[in-house]
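Enquirer: Sequence and predicted structure, then a few things I'm wondering about:
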Amino acid sequence: MAQRRLLSYEVLKSTKGVTYSKQHLRRLEKAGEFPRRVPIGENRYGYVEDEVDAWLEAKIAARDEVAAVPDIIVEREDGRSSIRPSDKTSRLRPRHGAGRDIHQLRLPLGESTTSRTNTARFNSQT
């Protein structure tokens, strides 16, 4: 059997660069988004190094996947073209700190936030 190495919280921060707080790691663990801790003593836990490495590799792969999605060049009615992020990265969502106000939403290119159709579309989504 291959030897597994357990990492303490301190080593996880310093060696692996995972600088989340203990509380946030527990939240991620509970949500199934981070490897589970292994109890190694009373009030002492460790993380399996191979599992943490796999988690880090998955994060890097997800970042690279999003970066590889090309932007879409849109020809506008006035003859000019503009670049719009692909559908994977541009979703209708409120900006940081904004409520569900239609004026704070990102709308598809060329649509006005004051038109009746956009208001109707927004109301049907909520």
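Expert: Structure received.
Enquirer: Return the per-residue confidence for P108.
Expert: On pLDDT, P108 comes in at 55.
Enquirer: And G79, by the same measure?
Expert: 70.
Enquirer: burial count for it?
Expert: Residues near G79, counting by other C-beta atoms under 10 Å, number 6. For every residue, glycine as well, the C-beta is placed using N, CA and C.
Enquirer: got it, and V18?
Expert: Close neighbours of V18, defined as other C-beta under 10 Å, add up to 20.
Enquirer: for I40, same thing?
Expert: 10.
Enquirer: That one is in what secondary structure piece?
Expert: Using DSSP states H and E, I40 falls within strand 38-41.
Enquirer: ranges for the helices of the protein?
Expert: In the chain, the helices defined using DSSP state H lie at 9-16, 22-30, 49-68, 116-125.
Enquirer: per-residue confidence at F122?
Expert: Per-residue confidence (pLDDT) for F122: 56.
Enquirer: oh, I was asking about L105
Expert: 49.
Enquirer: Same check on T126?
Expert: As predicted, T126 sits at a pLDDT of 55.
Enquirer: follow-up on the earlier one: dump the helices of the chain to JSON lines, plus mean neighbour count and distance to R36.
Expert: Formatted as JSON lines, these follow (neighbours: other C-beta atoms under 10 Å; distance: least, C-beta to C-beta, whole Å):
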{"stretch": "helix 9-16", "mean neighbour count": "14", "distance to R36": "13"}
{"stretch": "helix 22-30", "mean neighbour count": "13", "distance to R36": "6"}
{"stretch": "helix 49-68", "mean neighbour count": "12", "distance to R36": "8"}
{"stretch": "helix 116-125", "mean neighbour count": "11", "distance to R36": "36"}
